[in-house]
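Student: Sequence and predicted structure, then a few things I'm wondering about:
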There are 2 protein chains.
Amino acid sequence: MNIDGRNHRTIWIDDDGWSVHVIDQRKLPFSLETSRLTTLVDACDAIRSMVVRGAPLIGITAAYGLCLALRVDSSDESLMHAYQTLLAARPTAINLKWALDEIVRVTRSVDPKRRSHAAYAHAALLVERDVSTNRAIGDHGLPIIERLAAQKRSAPVNILTHCNAGWLGCVDWGTALAPVYKAHDKGIPVHVFVSETRPRNQGGALTAYELGAHGVAHSLIADSAAAHFMQRRAIDLCLVGADRATAGGSVVNKIGTYGKALAARHNQIPFYVALPASTIDWTLLNGEEIPIEERDSMELTHIAVRTTNGPVLTIQIAAPGSAALNPAFDLTPADLITGLITERGIAPATQDGLSSLFRRRPIETCIKDLQLVHR
Amino acid sequence: MNIDGRNHRTIWIDDDGWSVHVIDQRKLPFSLETSRLTTLVDACDAIRSMVVRGAPLIGITAAYGLCLALRVDSSDESLMHAYQTLLAARPTAINLKWALDEIVRVTRSVDPKRRSHAAYAHAALLVERDVSTNRAIGDHGLPIIERLAAQKRSAPVNILTHCNAGWLGCVDWGTALAPVYKAHDKGIPVHVFVSETRPRNQGGALTAYELGAHGVAHSLIADSAAAHFMQRRAIDLCLVGADRATAGGSVVNKIGTYGKALAARHNQIPFYVALPASTIDWTLLNGEEIPIEERDSMELTHIAVRTTNGPVLTIQIAAPGSAALNPAFDLTPADLITGLITERGIAPATQDGLSSLFRRRPIETCIKDLQLVHR
């Protein structure tokens, strides 16, 4: 999407044809800097340290991580080592596994000499597929906003989002924000309530940044204030992304999503989750088994600030000596979700709903795939 | 309560017999400093700038603000001017009005020459009443924790609280934390989930500080994580305070309380609000009319940090140019509240429940009182 009128993506291949550039999202919103990844270790570090984040972008970065590994050593051992290393970088987002499986699928039967080439070609395909998938999510979500806009006449449609499910979490467009950009670009007045998303402030730092850079009206709120604004009828629609959805329609997303879904239900406000099919874990029905990443408690107790051209200072904000617990995701049960906006259309958040849009993949098939990959 | 084994209160009269000392809560948790209030303006500033905060402590500070004003000028005009000025300092907490009304009640019929003396004597009475009220809230709330402890055998009772409704928000003991201190002091194992409470971090800075200083086990969590921990059955009980309750049992408290009550309901976890009778606004039934204070958006977009012995730096954390909305309180409807813990016992959060504990004061009487004060 646009930054100061210029179109950007979050990840691209250098002119050298092999090294990978990503926007360093830890530097936003204050500085637009890129980071060049040249090794498997670089790709793992970028995912682990959240230089890149957002389920779809984590997947794409991991795909290029495999490419970088195969470029140096294209043996079966190298492929499997890189696969396992990247898979362990972050535990919750299923797109990571999906993208790795995609690269393994197209390279394992290829002669090692041509594996690197095949991997790069397929990663490029995944990049373009991410863009077209998100554009399609935008097209399918747009009518929801259009219907609300018709009811509200010329008043803006107020949309709550959480964390960053915008283009910064994908290659372009975003998932939850794709319908918002589509509506904005079409001249429909929208206003986005951006929930801060403690402890890493992806809402205040990334979502507010990308909406502002593209010219979309928005207001930052504390995570805790979302329920209040819903109670006061200031919010017409909730739109969030997902790190993993189950075949039954439950969704694991950034910590705080579940609470917002409860508030939406209590106040009869539609709550939609936007996600590409690659986010669906067809092996799970409810989602209680999905590992919830526990991140460093210092994300809560400290804040890192950088003075102009100076060093990064890590400053304590909580009481010294107090322990902190920092789960990064939570589970929103399917029955709290109005609908799932996918690249194939909107499905009810049920097993039948998802199956009607996507060819059903029985759990047995998925497990067989898994065994093939790990063989 | 205790800091490093020494007993403290939040507000006290200097040895000079008239000036007022308060703990400067903006300096906690990193520095325990006191501030001396000598004028009406000092008292107003302390309330407005949150040197003192918490509904009961705001009330006591306002009472002393009237004393400081009457010491200089004990006329009717001075009394009414000070009353109006203090009343406007913060809009939501009703204890502010209650404490001011108390001082006006005992001084307006007194000869101006003796008004200051009468005011100081009554303020001292309010201080002691706050302590005994909170101690009683602790005694009434304790059996809730004891019952849970009996069910959990030797495992700690996990209690979620929000913002700071501890002794730092009162003179001593606290409201929501009084039962926790009573349980802890009795040797019952408790563990408190302390929700951070953005944007001013009263949870991470004040509640974590006072629990730690008194030796109570606790863990800091992001506001958004409370619902997740309830869903995972990690929380046995929610205990919060209130800035204003209605005669019908609804409660206005720190932004984020309503969302936590929704999560507690969805997961069948008891949700209690602890409050002194002075927090009840008998003129209101549901609470939609209660003004919700809108605070400076910079509380969300910036963070103030102080380097050792250095100046306070105000650092931007949100995207430059993004607007922010910062409501400080929200309304929890009575039907989400398991019970109200008061100094007279636990009442169901209903009009009948509260009336059974307290002499019912019909709305007409309240309005008449109000007119008397303003005459």
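Tutor: Yep, it's here. Numbering: from 1, shown residues only, chains lettered A, B, ... in the order given.
Student: lowest-confidence helix or strand of chain A?
Tutor: helix A:363-374 (a mean of 51; mean pLDDT, DSSP states H and E).
Student: got a list of what A:Ser224 touches?
Tutor: Contact analysis of A:Ser224 by C-beta atoms under 8 Å, 6 or more residues apart in numbering or on different chains lists B:Thr197, B:Arg198, B:Asp223, B:Ser224, B:Ile255, B:Gly256, B:Gly259, B:Asp330. For glycine as for every other residue, the C-beta is placed from the backbone atoms N, C-alpha and C.
Student: Tell me the spacing between the closest residue to the first one other than its chain neighbours and B:Ser224.
Tutor: The spatially closest residue to B:Thr197, leaving aside those adjacent along the chain, is B:Gly203, at 3.8 Å (C-beta to C-beta, 6 or more residues apart in numbering or on different chains). As judged by C-beta to C-beta, to the nearest Å, B:Gly203 and B:Ser224 stand 12 Å apart.
Student: do A:Arg198 as well
Tutor: If you go by C-beta to C-beta, the gap between A:Arg198 and B:Ser224 works out to 6 Å.
Student: what residues do those two have in common as contacts?
Tutor: Counting by C-beta under 8 Å, 6+ apart, the contacts common to A:Arg198 and B:Ser224 are A:Asp223, A:Gly256.
Student: With adjacent residues omitted, what lies nearest to the residue nearest the centre of chain A?
Tutor: Nearest residue to the geometric centre of chain A (C-alpha atoms, centre = their mean): A:Gly54, 2.9 Å. Distance criterion C-beta to C-beta, 6+ apart; nearest residue to A:Gly54, sequence neighbours excluded, is A:Gly169 at 2.1 Å.
Student: doesn't A:Met50 make contact with the one you found?
Tutor: No. The pair A:Gly169 / A:Met50 is not scored as a contact, 11.0 Å apart, by C-beta atoms under 8 Å.
Student: Look at those two and report which has more neighbours.
Tutor: Neighbours of A:Gly169 and A:Met50, each counted by other C-beta atoms under 10 Å in any protein chain shown, are more numerous for A:Gly169; the result is 29 against 17.
Student: Quick one: check stretch A:252-261 for contact with chain B.
Tutor: Yes. Counting by C-beta under 8 Å from any C-beta of the partner chain, chain B is contacted by stretch A:252-261 at A:Ile255, A:Gly256, A:Tyr258, A:Gly259.
Student: Among those residues, which are located in helices?
Tutor: Among these, the residues falling in helices (DSSP state H) are A:Tyr258, A:Gly259.
Student: okay if I get the residues of stretch A:252-261 next to chain B as TSV plus neighbour count and pLDDT?
Tutor: Formatted as TSV, the residues of stretch A:252-261 next to chain B follow (neighbours: other C-beta atoms under 10 Å in any protein chain shown; pLDDT from 0 to 100):
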residue	neighbour count	pLDDT
A:Ile255	30	98
A:Gly256	29	98
A:Tyr258	27	98
A:Gly259	30	98
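Student: Mind jotting down where the helices sit in the stretch 151-300 of chain A?
Tutor: A:178-185, A:202, A:208-214, A:226-231, A:257-266, A:298-301 (DSSP state H, counting those that start in this stretch).
Student: how about the shortest one, does it reach chain B?
Tutor: Read that as helix A:202. No. Against chain B, helix A:202 shows no contacts by C-beta under 8 Å from any C-beta, the least distance being 11.0 Å.
Student: What lies in contact with that helix?
Tutor: Contacts for helix A:202 (C-beta under 8 Å, 6+ apart): A:Arg53, A:Cys163, A:Asn164, A:Lys254.
Student: Tell me the one of those nearest B:Glu146?
Tutor: B:Glu146 lies nearest to A:Lys254 out of these, by C-beta to C-beta, at 37.3 Å.
Student: Now for the closest one: which residues touch it?
Tutor: The contact partners of A:Lys254, taken as C-beta under 8 Å, 6+ apart, are A:His162, A:Cys163, A:Thr197, A:Gln202, A:Val240, A:Gly241, A:Asp243, A:Ala328, A:Phe329, A:Asp330.
Student: Out of the residues you listed, list just those in strands.
Tutor: Using DSSP state E to define strands, the subset of the contacts of A:Lys254 located there is A:His162, A:Val240, A:Phe329, A:Asp330.
Student: My guess is the last one contacts A:Val252. True?
Tutor: Yes. If you go by C-beta under 8 Å, A:Asp330 and A:Val252 touch, sitting 7.1 Å apart.
Student: From B:Ser116, how far off is A:Pro143?
Tutor: A:Pro143 sits 69 Å away from B:Ser116 when distances are taken as C-beta to C-beta.
Student: Neighbour count for those two, which is higher?
Tutor: B:Ser116 (21 against 13).
Student: angle of the helix or strand that contains that one against helix B:178-185?
Tutor: Using DSSP states H and E, B:Ser116 sits within helix B:112-152. Helix B:112-152 runs at 60 degrees relative to helix B:178-185, counting by axes from the mean of the first three to the mean of the last three C-alpha atoms, to 10 degrees.
Student: I'd like the mean pLDDT over helix B:112-152, please.
Tutor: Helix B:112-152 shows a mean pLDDT of 97.
Student: picking that back up, please list which of the ones in strands among the contacts of A:Lys254 are also close to chain B.
Tutor: Among the ones in strands among the contacts of A:Lys254, the ones lying near chain B by C-beta under 8 Å from any C-beta are A:Asp330.
Student: can the ones in strands among the contacts of A:Lys254 go into TSV with extra columns for pLDDT?
Tutor: Putting the ones in strands among the contacts of A:Lys254 into TSV (pLDDT from 0 to 100) gives the following:
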residue	pLDDT
A:His162	98
A:Val240	98
A:Phe329	97
A:Asp330	98
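Student: Now render the ones in strands among the contacts of A:Lys254 as a markdown table, adding neighbour count and distance to B:Asp130.
Tutor: Below are these laid out as a markdown table (neighbours: other C-beta atoms under 10 Å in any protein chain shown; distance: C-beta to C-beta, whole Å):
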| residue | neighbour count | distance to B:Asp130 |
| --- | --- | --- |
| A:His162 | 29 | 39 |
| A:Val240 | 27 | 43 |
| A:Phe329 | 28 | 42 |
| A:Asp330 | 24 | 38 |
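Student: Any regions of chain A where pLDDT drops low?
Tutor: A:306-310, A:360-375 (pLDDT under 70).
Student: Contact residues of the stretch 101-250 of chain A facing chain B?
Tutor: A:193-194, A:196-199, A:201, A:204-206, A:208-209, A:211-212, A:218-229, A:231.
Student: Let's see that with 10 Å instead.
Tutor: Contacts of the stretch 101-250 of chain A with chain B, taken as C-beta under 10 Å from any C-beta of the partner chain, map to A:162-163, A:191, A:193-201, A:203-213, A:217-232, A:234.
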